[in-house]
Structure formats: structure tokens, C-alpha cells
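*Asks:* Could you work out the structure for the sequence below:
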Amino acid sequence: MKKRYGYALLLVAFAAIATFIFLGYRARENKIDNLLERNGSSTAINEWILMRDYASSLKNKIEKNPEDITGNYIYYDKAALKCVNRVLIQDSLNFQALTFKSLIYLSQHHFADGLSIAEKAQKFNPFNAFIYGLLVDGNVEIGHYDSAVANVDRMESIRPDIRSYARISYLREIHGDYPGAIEAMHMAVNAGGQGDETTEWTRVQLGRLFENTGDLKNAKIT
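*Replies:* Predicted coordinates:
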């Protein structure tokens, strides 16, 4: 009889401990990590201050209500496409609407359609660097590398910046020119704003290029 009560007490204790561990684990799982603090002059950049405060606000909202989150890109893609199509019904030559429609199609991997629309937009504004970026992306994805190179050259001549340098780097990598790709990605990093998301993205790509060429030392410090 005593053994039976002893086993029962052990089971109760085990259940209580297991529940405590489970609830503690769930609490830790629901807790969102903070952004890492920055050091040096980048802490005073307005972009970082705004991002840190916005991230903190979103973190608090999600921890209070974990269901309050969405990533319904299918809905928003359709909504965005509907919006630009309404503009194009009224003005079929609207450059911004054509640009956004091309961007949406490319993001959906409808590369041929996105490229066709970008080519149409470029005819109405041949001096816009962004549209040449879309032409580069569309041509790359369907394997028209010569056209991609021609368009990135035009893009860079209009606006030599982080976006054009990053595309130059990628095309050089595709052609096996890793030293040239590294050089162009260095230029992209240096052309970006300190602490900006796009700058840090190019920094990651530069590290990847160093890693792929076996230069682990530079990959680590990039």
C-alpha cells in the first residue's frame, strides 16, 4: 500500500515538474530576441535609431499577442497588381505603374512578363537607372547574359550606386570573374549608407564571395 502511494506521489511530482518545464519552455519560445546593439559612430545614425525603436514596438506587440502577425504576400501581391492595373487602364503609358508592374511580376518569378513590361517602360524613360536594374534582373533570370551586361553598363553610367555595383558583381560572378566580382561588391558596400539594410546585405554577399574563393580571413572580417 505504501509503495502504491509512493508511486502515485512520484507520478504527481513528475507531472508537476514536466508541466513547469513545458510552460517555461513555451515562455522562452514566445520571447523574441532584441536587436544587437551597435558600437561606435553608427549608434548615432538616425536610420538605426528609428529601426531600433520600431523593432522594439513590434516586439512588444507580438509578445502580447503572438497571433498578431501576417505574411500574406499572395494577398498583397494581388492587391498591388490590381492597383497598378487600375492606373494603367487610365494611362497605359504611366512609367511608374509599368515599373511597379514589372517589379511585381519579377518578384512572382514571371520573368518573361516582367522583362517585357520593363522593356516597354524603358522606351518611355530611357534615363531611369531603376528600370535598367529590372532589365538586368529579367535578362539574368532567363539566361540572356549579354543583354544583362549591356543593361547594367547603362544603369551604372546613369547612376553608379550600391544597386548597380551589386548587379555588376553578380554578373561577373556568373562569368567566373571572382576577383572582379569581389571588387564590384566592395564598391557596393562603400557606396551604401552606413548601417542601412541594403549595405549590410551587400556586406554579406561580399563575405560569401570571399568564402567561395577560399579567403576565409577576409570573409570573417567583412
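
*Asks:* And the helices in the protein?
*Replies:* 2-30, 46-64, 73-90, 95-107, 111-124, 129-141, 145-158, 162-174, 178-191, 197-212, 216-221 (DSSP state H).

*Asks:* and of the ones you listed, who's closest to Asn39?
*Replies:* The closest of these to Asn39 is helix 46-64. By C-beta to C-beta, the value is 11.2 Å. Backbone N, C-alpha and C define where each C-beta goes, glycine included.

*Asks:* got any ranges where the chain has weak pLDDT?
*Replies:* 1-32, 41-42 (pLDDT under 70).

*Asks:* Can you give me the domain assignment for it?
*Replies:* Domain assignment of the chain by automatic domain parsing yields the ranges 2-64, 73-221.

*Asks:* want to throw the ones you listed into a markdown table with mean neighbour count?
*Replies:* As requested, the domains of the chain are arranged in a markdown table below (neighbours: other C-beta atoms under 10 Å):
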| stretch | mean neighbour count |
| --- | --- |
| domain 2-64 | 10 |
| domain 73-221 | 17 |
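
*Asks:* Let's have the helices of the chain in CSV, adding distance to Glu37.
*Replies:* Putting the helices of the chain into CSV (distance: least, C-beta to C-beta, whole Å) gives the following:
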stretch, distance to Glu37
helix 2-30, 21
helix 46-64, 8
helix 73-90, 31
helix 95-107, 33
helix 111-124, 40
helix 129-141, 33
helix 145-158, 36
helix 162-174, 25
helix 178-191, 22
helix 197-212, 15
helix 216-221, 20
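
*Asks:* Can you check which of those gets nearest to Leu36?
*Replies:* Per C-beta to C-beta, nearest to Leu36 of the helices of the chain: helix 46-64, 10.1 Å.

*Asks:* okay, the closest one in CSV with CA atoms only?
*Replies:* This file holds the C-alpha atoms of helix 46-64, laid out as CSV (Å, rounded to 0.1, in the frame of the first residue of the first chain):
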residue,chain,number,x,y,z
ASN,A,46,19.0,58.3,-37.5
GLU,A,47,18.2,55.1,-39.5
TRP,A,48,19.4,52.9,-36.7
ILE,A,49,17.5,54.9,-34.0
LEU,A,50,14.3,54.6,-36.0
MET,A,51,14.8,50.9,-36.7
ARG,A,52,15.6,50.1,-33.1
ASP,A,53,12.5,51.9,-31.8
TYR,A,54,10.3,50.4,-34.5
ALA,A,55,11.6,46.8,-33.8
SER,A,56,11.1,47.3,-30.1
SER,A,57,7.5,48.4,-30.7
LEU,A,58,6.8,45.4,-32.9
LYS,A,59,8.4,43.0,-30.4
ASN,A,60,6.2,44.2,-27.6
LYS,A,61,3.1,43.8,-29.8
ILE,A,62,3.9,40.3,-30.9
GLU,A,63,4.8,39.2,-27.3
LYS,A,64,1.5,40.5,-26.1
